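**Student:** quick one, what's the 3D model for this:
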Amino acid sequence: MYTIYSKRVIFFFSLFVVFFKVSGQELSRQALIDFSIRTVPGSANPVIVNEINEQSAFYKAGLRKDDQILAINNLSISDVVTYYKGIRRLRGNKQSVVRVMRGNDTHEINCLPLARPLEEIKGCETTYDKATTPNGYDVRMIITKPLKSTGKKPVLFFVQWLSCDQVELDRNNMDGWAFLIEELASKGDYILVRTEKPGLGDSNGPDCFECDLQQDIDAYKAGFKKMLSYDFVDKNNIILVGGSIGGALVPIVAENQNVKAIISTGGFSTTWYEHILDFERTRLFFSGTEAEKIDPLVKKFTSFYYQYLIEKKKPTEIIKADTSFKSIWYQSGDMQFGRPAKYYQQLQDLNMSYYWNKVNCPVLVLYGEYDWIMSRAEQENIIQFLNKKHPGLAELKVIPGMNHHFSKYSSPAEAFDEPFIKYEPAGYKEMMKWLETKITR
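**Tutor:** Okay, the predicted model is just below:
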């Protein structure tokens, strides 16, 4: 669910009832999508209903297993990207139309989907609010506090991953990141604040697949600003926690803010061009590419990514000019890992050294021993850079057996394949152990 490069395309939501105190609920609530899909690459109608809850509004309206989804509210569905665009536009208790093919016949299914139940975390009080970005997009904020919490509390402000997976928990699709968020919210005496990206969940704005990096950053900064207005926030004890890409964005969000400490986990610290070439080499190795083919392929990627990231060309433009690049481009069109080309070109434009140089609060860099997505060298760069200017300011903690997604495995190869999810709580424990030496109660 919360991967930097999401491998799963199947979501399944079950209907359940929860009761919450809700504030700032002017944003329309996303619809409950209580069916899953499978895809058939190369098919004219590649998105097919895989399973469906027979108690759901969609089933009662006529949607059935094995239906091929052709359109959602007049948006034609040609692949999994357009499917999720359509699904994310659906709102609870708002009339929707899903057009499907069943056998040789087409059917229009008029449905009034239920609203997705609000998040529930044991031992916590959850409230919902919104923040407005400079572009005028209202984005969802989720605030969790310990039950019966009184007075001002230290705050963990979470900055998340690259992919278009929500930061609001889904009980039927929990991975290591989700379990980490649950522990951050429920096990310590902290307030946890999350900001959903534009185009995700209840947030307004362009669909997440279309949003660029700056729009994500604007949302986090808007959420941070709104957080400062809450009277229960201890403004002298604000901790930024960044996960995956968020681990690189935390110094940007922290810029010119009174931040007590930073926790960066699974981020990068070089240019994106350097990072992605390292990523491709590692991916080729673990995916079983013959050893003698890896160097030639990396050389090919070097040329491709130079044009893509530095010369600011779109992948389809590069491939059109030289069709030999088609053999190495394993993404769809100008999208990469579910985000547009502009997103990665903006990542390339970031000067990470500049932002880390402005950090003067304690920093914990947390890293999974078997993280193949972000290298250990990228984490050590942060430590060396910070401690050169402020000796002792930063600390690196490596969690044995843990991969990028806070799941534990027995080997690097198993961590790459991720055949199962086994949450590793040691990462959370190290965070809390370190934090208790930095904050003032």
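**Student:** so where's the stretch 151-300 of the chain shaky on pLDDT?
**Tutor:** Residue ranges of the stretch 151-300 of the chain with pLDDT under 70: none are present.
**Student:** what about the strands in it?
**Tutor:** 153-159, 191-195, 233-243, 261-265 (DSSP state E, counting those that start in this stretch).
**Student:** center of the protein, which residue is that?
**Tutor:** Trp161 (3.5 Å; C-alpha atoms, centre = their mean).
**Student:** leaving out chain neighbours, which residue sits closest to it?
**Tutor:** Ser244 (3.9 Å; C-beta to C-beta, 6 or more residues apart in numbering). Every residue, glycine included, has its C-beta placed from N, CA and C.
**Student:** what sits against Val97?
**Tutor:** 71-74, 108-111 (C-beta atoms under 8 Å, 6 or more residues apart in numbering).
**Student:** tell me which element it is part of?
**Tutor:** strand 96-102 (DSSP states H and E).
**Student:** got a pLDDT number for the closest residue to Asp218 other than its chain neighbours?
**Tutor:** Excluding the flanking residues, the one nearest Asp218 by C-beta to C-beta, 6+ apart is Thr133, at 4.4 Å. Per-residue pLDDT puts Thr133 at 97.
**Student:** in its sheet, what does the strand holding Val97 sit against?
**Tutor:** Next to strand 96-102 in the sheet, as set by DSSP bridges, lie strand 68-72 (antiparallel), strand 105-111 (antiparallel).
**Student:** re earlier: burial of the residue nearest to Asp218, as a residue count?
**Tutor:** Applying other C-beta atoms under 10 Å, we find 23 residues neighbouring Thr133.
**Student:** hang on, isn't it packed against Gly223?
**Tutor:** No: with contact defined as C-beta atoms under 8 Å, Thr133 does not count as touching Gly223 (9.1 Å).
**Student:** identify the contacts common to the two.
**Tutor:** Contact criterion C-beta under 8 Å, 6+ apart; residues shared by Thr133 and Gly223: Val139.
**Student:** let me have the strands of the stretch 151-300 of the chain in a markdown table, extended by distance to Pro340.
**Tutor:** Shown next, in a markdown table, are those (distance: least, C-beta to C-beta, whole Å):
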| stretch | distance to Pro340 |
| --- | --- |
| strand 153-159 | 20 |
| strand 191-195 | 20 |
| strand 233-243 | 21 |
| strand 261-265 | 25 |
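**Student:** what residues sit buried inside stretch 255-263?
**Tutor:** 259-263 (16 or more other C-beta atoms under 10 Å).
**Student:** same check on stretch 232-249?
**Tutor:** 233-234, 237-249.
**Student:** can you check stretch 358-370 too?
**Tutor:** Those would be 359, 361-368, 370, for stretch 358-370 by 16+ other C-beta under 10 Å.
**Student:** ok, which pair from the residues you listed is furthest apart?
**Tutor:** Using C-beta to C-beta, these span at most 28.9 Å, a distance reached by Cys361 and Tyr370.
**Student:** number of residues surrounding Ser327?
**Tutor:** With other C-beta under 10 Å as criterion, Ser327 counts 10.
**Student:** right, I mislabeled it, should have said Asp207
**Tutor:** If you count neighbours by other C-beta under 10 Å, Asp207 ends up with 17.
**Student:** contact partners for it?
**Tutor:** Taking C-beta under 8 Å, 6+ apart, we find Asp207 in contact with 85, 88-89, 199.
**Student:** check Ser96 too.
**Tutor:** Per C-beta under 8 Å, 6+ apart, neighbours of Ser96: 31, 72-73, 90, 110-113.
**Student:** state the distance from it to Thr270.
**Tutor:** 45 Å (C-beta to C-beta, to the nearest Å).
**Student:** again, but for Ile276
**Tutor:** From Ile276 to Thr270 the distance is 10 Å (C-beta to C-beta).
**Student:** cool, Tyr423 as well?
**Tutor:** With C-beta to C-beta as the criterion, Tyr423 and Thr270 are 29 Å apart.
**Student:** which of those two has more neighbours?
**Tutor:** Tyr423 (21 against 17).
**Student:** correct me, but the more buried one touches Ile181?
**Tutor:** No: when contacts are counted by C-beta under 8 Å, Tyr423 is not listed as touching Ile181 (11.0 Å).
**Student:** quick check on Ser36: phi, psi?
**Tutor:** phi -110, psi 170 (degrees, to the nearest 10).
**Student:** on that earlier part again, and the two most separated of the contacts of Val97?
**Tutor:** Farthest apart among the contacts of Val97 by C-beta to C-beta are Asn74 and Cys111. That separation is 14.4 Å.
**Student:** of these two, which one has the most company?
**Tutor:** Using other C-beta under 10 Å as the criterion, Asn74 and Cys111 rank with Cys111 on top: 20 against 8.
**Student:** any idea how far the nearest residue to the more buried one once chain neighbours are set aside is from Asp67?
**Tutor:** The shortest distance from Cys111 to any non-neighbouring residue, by C-beta to C-beta, 6+ apart, is to Ala61 (3.8 Å). The gap separating Ala61 from Asp67 is 12 Å, by C-beta to C-beta.
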